[in-house]
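K.L.:
how does the following fold in three dimensions:
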Amino acid sequence: MSSLIGRTVVVTRATDQAGSLSTALADHGAKVVELPVVSIEESADGGEALSAALAQADRYDWIVVTSPNGARRVADGLARPTTARLAAIGPKTAQPLSEAGYPVDLIPDRAVAEDLLEAFPPSDGTGRVLLARAETARHVLPDGLRDAGWEVDVVVAYRNVAPDVDPEIREQARSADLVTFTAQSTVRRYHDLAGGPTPATAACIGPISAAVARQLGFTVVEAEPHSVAGLVDAVLAWAAASSPPG
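P.N.:
As a prediction, this is how the structure comes out:
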């Protein structure tokens, strides 16, 4: 059985989201260093724009969410069933909506914006989409939907902000064997915080975070599928293929 005994792995997810990944890695024997480099906070307007949009949800053909954080806020903000169809970038993102009783009509095979665009139905030129997402995000999805003929309202559902970091925990992370990333924002913030690609090896949940990590000098292993379970499997494969700890 694959094991991470003797390996130290850094988890960079926000504190309230780190549990499943940290637990899975620890269950395989890893020493886990939790160094949250993002904190999830409400949008600057306190959620007013999202609430206003969801109060008129039926005027949209589609409501699109790109992360579990956005999905939870949409699920909480929908006061009743809507005629709008729901799309999520991946199964994990769809889960908060499904658990709240809102069926998700479209989930692409891979949890990346490009695949969601490819799977999205064409517009007749009059269709309207509500895209609920983080304050800072790539432009690929809204630009692609507009190019496909959709009218797109982009609403900030939440913010990723940089939290205070304990210097001692930061040094533990720098001396670890591998660091895990679940978003491109965490790659950049960790790199700045650590002062470079240290540790040198990164396990990334998908192609976007992997591309950023490579650009910043990390040696990358990529999850397949693009999920927490896939990320754990990628770490296990890395451990099996690398020299055992001395």
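
K.L.:
burial count for the nearest residue to V9 once chain neighbours are set aside?
P.N.:
Ranked by C-beta to C-beta, 6 or more residues apart in numbering and with sequence neighbours excluded, the top spatial neighbour of V9 is A30, at 4.6 Å. All C-beta atoms are positioned from the backbone trio N, CA, C, and that covers glycine. Residues lying near A30 (other C-beta atoms under 10 Å) number 26.

K.L.:
run through the residues that contact A30.
P.N.:
L4, I5, R7, T8, V9, V235 (C-beta atoms under 8 Å, 6 or more residues apart in numbering).

K.L.:
how near is the second one to A30?
P.N.:
Noted for I5: a distance of 8 Å to A30, by C-beta to C-beta, to the nearest Å.

K.L.:
name the next helix or strand downstream of the lowest-mean-pLDDT helix or strand in the chain, please.
P.N.:
Least confident helix or strand, the chain: strand 39-41 with a mean of 85, by mean pLDDT, DSSP states H and E. Where DSSP states H and E defines the elements, the next helix or strand beyond strand 39-41 is helix 48-55.

K.L.:
who does that following helix touch, helix- and strand-wise?
P.N.:
Applying 3 or more C-beta pairs under 8 Å, 6 or more residues apart in numbering; DSSP states H and E, one finds that helix 48-55 contacts helix 68-77, strand 128-134, strand 151-161.

K.L.:
same list (these) but as TSV, adding distance to G47 and mean neighbour count.
P.N.:
Formatted as TSV, the helices and strands packed on helix 48-55 follow (distance: least, C-beta to C-beta, whole Å; neighbours: other C-beta atoms under 10 Å):
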stretch	distance to G47	mean neighbour count
helix 68-77	7	22
strand 128-134	10	22
strand 151-161	8	18
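
K.L.:
redo those as TSV? Include distance to E114.
P.N.:
What follows is these, written out as TSV (distance: least, C-beta to C-beta, whole Å):
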stretch	distance to E114
helix 68-77	18
strand 128-134	15
strand 151-161	16
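
K.L.:
tell me which of these lies nearest to R85.
P.N.:
R85 lies closest to strand 128-134 among the helices and strands packed on helix 48-55, at 9.8 Å (C-beta to C-beta).

K.L.:
show me which residues of the longest helix along the chain are buried.
P.N.:
Counting residues, the longest helix found in the chain (DSSP state H) is helix 228-241. Applying a neighbour-count criterion of 16 or more other C-beta atoms under 10 Å, one finds V228, G230, L231, V232, D233, A234, V235, L236, W238, A239 buried in helix 228-241.

K.L.:
for the fifth one, what are its contacts?
P.N.:
With contact set as C-beta under 8 Å, 6+ apart, D233 has these partners: A223, E224.

K.L.:
which stretches of this protein form strands?
P.N.:
8-11, 31-34, 39-41, 62-65, 85-88, 128-134, 151-161, 178-181, 201-204, 219-222 (DSSP state E).

K.L.:
looking at those strands, spot the one closest to E171.
P.N.:
strand 31-34 (9.8 Å).

K.L.:
low-confidence bits of the chain, can you list those?
P.N.:
1-2, 246 (pLDDT under 70).

K.L.:
how about a cut-off of 80?
P.N.:
1-2, 15-18, 243-246 (pLDDT under 80).

K.L.:
tell me the domain ranges of the chain?
P.N.:
8-37+162-241, 48-159 (automatic domain parsing).
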